[in-house]
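**Q** missing the sequence, but the structure's below:
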């Protein structure tokens, strides 16, 4: 009924002569949505390649425009409606706020459109397994944008099947008892395992384990092609000079976007599931050393924060982290937002639109308002908090769970006004604050374990928070050891260290830990 009413309202307004473009999206007769609730998206670009749906979620997508609307009653053969008067993302103009004038008309000319029904409840994102999509269709929009476009959902994204194993990269999928109990339905942990040179020949040897975390939303299999085909990465990994270790790639997909691999009120006990379920399984199956001295963490961007957070939250379980360009480690500088002092996420204290991304030369690429608005388009209820995007994921990981069972937004999705009470609930995940407040306990356990790099022209301003962490640790007693290093003029994830050098630093800590363990056992 709600979809029918929405369709009637759209068509009546359309007939009255307004400038909206209406998209009538039919669900193919053999297309069966994977969830009871979904989000209907239509992406439009000036070119057919790459497909518009492949660019959904990016605030830098040039001429890409996206409209979104909740779709609660999708069924085979049903027609769903969305228009440019719904939640709308134009890259070249500030998006409208709720209750203001309608979005500008879709500019006339030829567009290439693609519809997506985002309906996977467990792995969020427009291209998640089981989501439905249309072919790319050419659309000619007339003057004023007043048109109706017919699109049909005819394809489903491939199911969540593990890729075939290669000779050095294997794949695992286990049902998590902890996460399934939290969510009330089966939740699975997926991972890829990269084996060292001569793993099969040295059948009695046990290996240290590196837990690798990719950038935001990186699937566990993101390195599979590089590992299983001849090329620079495979040659480097199988080189005689490289220390022999197992590398475990985690999956960056979850019910609210990337779960960041830590326990949280909305995602559930991902950190405990990693420590109690996935790591023991992998160490048993692939002959891991099975001791904290032989477990290391590394990652960049999202993976930089996750690797550092896991080391901080589980200080006795890992023997060091190598964290590159970590997401905000001090919430006085979450990108450029100070969640404790600022009153608005979109507007800074001087009254200007707050940048969210920059080029290395300092040019602003997009603003916070743009970055959040594209997630409002993706999110159920027109809110970034349910988008599965970057801000939605941070909000779900760091923030409280509401009475409705959903993440409570840190700020109003359309005005940017910050909720001070919610900001106070984020403090547990402020890594600089956590280290400062608990250093008497954490300091001895983290001695020599923290290794952090960041470019001082980081595209997302992440260097600011790292400097705050650095300043705090510089006054810590005992001294933390390890290092924090900067790349002058370097942007996001500019890797300063070779794989060989990083693994040799890990190997040194592992061998020292083994020697200490043997000494303790002999006494």
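**A** Cool, the structure landed. Note that the structure is predicted; figures quoted are calculated from it, not measured. Numbering: from 1, shown residues only.
**Q** Now do the contacts for the nearest residue to residue 429 once chain neighbours are set aside.
**A** Closest residue in space to residue 429, ignoring its immediate chain neighbours: residue 398 at 4.3 Å, by Cβ to Cβ, 6 or more residues apart in numbering. Quick note: C-beta positions are derived from backbone N, CA and C, even for glycine. Neighbour list for residue 398: 264, 410, 426, 428-429 [criterion: Cβ atoms under 8 Å, 6 or more residues apart in numbering].
**Q** For ChimeraX, write the select line for the buried members of those residues.
**A** For the buried members of these, the matching ChimeraX selection, counting by 16 or more other Cβ atoms under 10 Å, is:
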select :264,410,426,429
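**Q** in the protein, which helix has the most residues?
**A** helix 499-522 (DSSP state H).
**Q** Averaged pLDDT, it. What do you get?
**A** Mean pLDDT, helix 499-522: 88.
**Q** what comes up buried for it?
**A** Buried, per 16+ other Cβ under 10 Å, within helix 499-522: 502-503, 505-507, 509-510, 513.
**Q** starting at the chain centroid, how far to that helix?
**A** Centroid separation for helix 499-522 versus its chain: 32 Å, with Cα atoms, centre = their mean, to the nearest Å.
**Q** for that helix, packing partners?
**A** In terms of contacts (3 or more Cβ pairs under 8 Å, 6 or more residues apart in numbering; DSSP states H and E), helix 499-522 is packed against helix 232-237, strand 295-300, strand 321-324.
**Q** Quick one: these as TSV, columns for mean neighbour count, distance to residue 313 and mean pLDDT too.
**A** Formatted as TSV, the helices and strands packed on helix 499-522 follow (neighbours: other Cβ atoms under 10 Å; distance: least, Cβ to Cβ, whole Å; pLDDT from 0 to 100):
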stretch	mean neighbour count	distance to residue 313	mean pLDDT
helix 232-237	15	29	92
strand 295-300	26	11	97
strand 321-324	27	11	98
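**Q** Sketch out the low-pLDDT regions of the chain for me.
**A** 1-19, 34-36, 61-62, 91-105, 144-146 (pLDDT under 70).
**Q** any chance you could map the helices in it?
**A** So, for the chain - with DSSP H - the helices run 2-15, 177-183, 224-228, 232-237, 270-273, 279-285, 302-313, 368-378, 390-398, 420-425, 431-437, 439-445, 462-474, 499-522.
**Q** Those helices: which one's closest to residue 208?
**A** helix 499-522 (4.8 Å; Cβ to Cβ).
**Q** Just want the angle from that closest one to strand 295-300.
**A** Between the axes of helix 499-522 and strand 295-300, defined by axes from the mean of the first three to the mean of the last three Cα atoms, to 10 degrees, the angle is 160 degrees.
**Q** And the contacts of helix 499-522?
**A** So helix 499-522 is contacted by 208, 210, 236-237, 239, 241-243, 245, 289, 291-294, 296, 298, 319-320, 322, 448-449, 451 (Cβ under 8 Å, 6+ apart).
**Q** Which entries within these meet the buried criterion?
**A** Buried among the contacts of helix 499-522 (16+ other Cβ under 10 Å): 208, 210, 237, 242-243, 245, 289, 291, 293-294, 296, 298, 319-320, 322, 449, 451.
**Q** tell me the contacts of residue 368?
**A** Applying Cβ under 8 Å, 6+ apart to residue 368 gives the contacts 335-337, 345-346, 353-356, 416.
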